[in-house]
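Engineer: whatever this is, show me its structure:
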Amino acid sequence: MSVRVTVLGAGSIGLFVGGKLAAGGAEVSFVGRPRVLDEVQAHGLRLTDLDGGEDRVAVSGFRTETEPDSADTADLVLITVKSAQSADAAAQLRGRIRPETAVVSLQNGIGNDAVIREVLPASPVSAGMVMFNVVHRGEGWYHRGTEGGLALTADPAVTRLAPLFERAGLAPALHADLRPVQWAKLLLNLNNAVNALSGLPLREELASRNYRRCLGLAQTEALAAMRVAGIRPARLTPVPPRVMARVLSVPDAVFGRVAGTVLAVDPMARSSMADDLALGRRTEIDWLCGEVVELGRTVGVATPVNARLIELVRAAEEEGSTRRWSGGELLADLRTAARRRSRVG
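Structural biologist: A predicted model of the protein is given here:
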């Protein structure tokens, strides 16, 4: 008997991961907006990746719904909504899912699993991370645009489902404690704001020293707060987290040699935050740079660069701004924010 999976949040990540599970033989139902569901119902799913792999799932190979009716009988529910929607998504499952149904948060940020667990205290809820970027290319085509896999908490309810992910080509890395991975991913995701403000594809932005310096400033603040809080981020790249912030500022040619895998990105890939701004949606800035600011406030470490990135992204959200910040402009602005805070302090 195949495993029944409900994907609550049919966006790029949800459709890619759920589509891979469907290609691997799972019974998958996608819950999302009619606009997105109509597209995949018309075209099916085409799933490609940076390494040249491709899977196709015909329309008959999955279900779509605007309410999570399929969760009643699901063995696994993947929550892939934006962080701000975690509690609402969990509320849709309350009184609906079975006690043994595994619920996994595959979301950016820290603590979404705790939010979900508060709403679903009787369910086995655990944290997961998608370590790659997905590009929507239209007509049901979703492309994995960066390296990376899945990281899941090694809870019993999740461990028994590991073969499901393995059959789908998504063999997960299982962790007794996912928090170090979440913080390490958050360090990388601080680039989402820089990328969104640049208006450039990820690879082009990361190839520019000034944009990398902006990211380095944000990461340095985060690492300082994490050090005081006793948080040790996991190592997700060939360059350790506490070294990466320094490596980001080296000249472009040196960076390409030292950290070339960071640039192993599809030419069209952009951050999810850039996509949100382009579509006029609220971003996850409060769950990325906002986590750093909150941690800094808790442990008494100043985080003016991350606070300024929040201000700039919120301004872009509210104004529908299409301004593209050059690397030099953004770097000067962030350095000014840091100096201003230093003088005040």
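
Engineer: show me where the stretch 1-150 of the chain dips below the pLDDT cut-off.
Structural biologist: Where the stretch 1-150 of the chain drops to pLDDT under 70, the residues are 1.

Engineer: could you pull out the helices for it?
Structural biologist: Counting by DSSP state H, counting those that start in this stretch, residue ranges of the helices within the stretch 1-150 of the chain are 12-23, 34-43, 86-93, 112-119.

Engineer: which of those has the highest mean neighbour count?
Structural biologist: When neighbours are counted by mean count of other C-beta atoms under 10 Å, the highest per-stretch mean among the helices of the stretch 1-150 of the chain falls to helix 12-23, a mean of 25. Every residue, glycine included, has its C-beta placed from N, CA and C.

Engineer: how near is residue 155 to residue 256?
Structural biologist: 40 Å (C-beta to C-beta, to the nearest Å).

Engineer: give me the more crowded residue out of the two.
Structural biologist: Set side by side, residue 155 and residue 256 give different neighbour counts by other C-beta atoms under 10 Å, the larger being at residue 155 (18 against 13).

Engineer: the protein - how does it break down into domains?
Structural biologist: Taking the TED database as the domain assignment, the record places the domains of the chain at 4-176, 179-341.

Engineer: tell me, what residue is most central in the protein?
Structural biologist: residue 108 (4.0 Å; C-alpha atoms, centre = their mean).

Engineer: surely that residue and residue 285 touch.
Structural biologist: No. Counting by C-beta atoms under 8 Å, no contact exists between residue 108 and residue 285, whose distance comes to 10.5 Å.

Engineer: can you show me the CA trace of stretch 287-295 as CSV?
Structural biologist: What follows is stretch 287-295, C-alpha atoms only, in CSV (Å, rounded to 0.1, in the frame of the first residue of the first chain):
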residue,chain,number,x,y,z
TRP,A,287,11.5,35.1,10.1
LEU,A,288,15.0,35.7,8.6
CYS,A,289,16.6,39.0,9.5
GLY,A,290,13.9,39.4,12.2
GLU,A,291,15.2,36.3,13.9
VAL,A,292,18.6,37.8,14.1
VAL,A,293,17.3,41.1,15.5
GLU,A,294,15.2,39.3,18.1
LEU,A,295,18.1,37.1,19.2
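
Engineer: contacts for it, please.
Structural biologist: Stretch 287-295 is contacted by residues 83-84, 108-110, 112, 186, 189-190, 192-193, 218, 221-222, 225-226, 229, 231, 273, 301, 303, 306-307, 309-310, 313 when judged by C-beta atoms under 8 Å, 6 or more residues apart in numbering.

Engineer: wait, residue 153 touches residue 124, no?
Structural biologist: No. Using C-beta under 8 Å, residue 153 is not in contact with residue 124; the gap is 10.1 Å.

Engineer: show me where pLDDT drops low in the stretch 151-300 of the chain?
Structural biologist: Residues of the stretch 151-300 of the chain meeting the criterion pLDDT under 70: 260-263.

Engineer: can you pull out the strands in it?
Structural biologist: In the stretch 151-300 of the chain, strands defined by DSSP state E, counting those that start in this stretch lie at 173-175, listed in chain order.

Engineer: check contacts around the residue nearest to the centre of the chain.
Structural biologist: Residue 108 makes contact with 83, 185-186, 189, 272, 284, 287-288 under the criterion C-beta under 8 Å, 6+ apart.

Engineer: look up how far residue 81 lies from it.
Structural biologist: Between residue 108 and residue 81 the distance is 11 Å, computed by C-beta to C-beta.

Engineer: excluding chain neighbours, what is closest to residue 30?
Structural biologist: Nearest-residue entry for residue 30: residue 10, 4.1 Å, with adjacent residues in sequence omitted and distances by C-beta to C-beta, 6 or more residues apart in numbering.

Engineer: quick check: that neighbour touching residue 18?
Structural biologist: Yes. Assessed by C-beta under 8 Å, residue 10 is found in contact with residue 18 at 7.5 Å.
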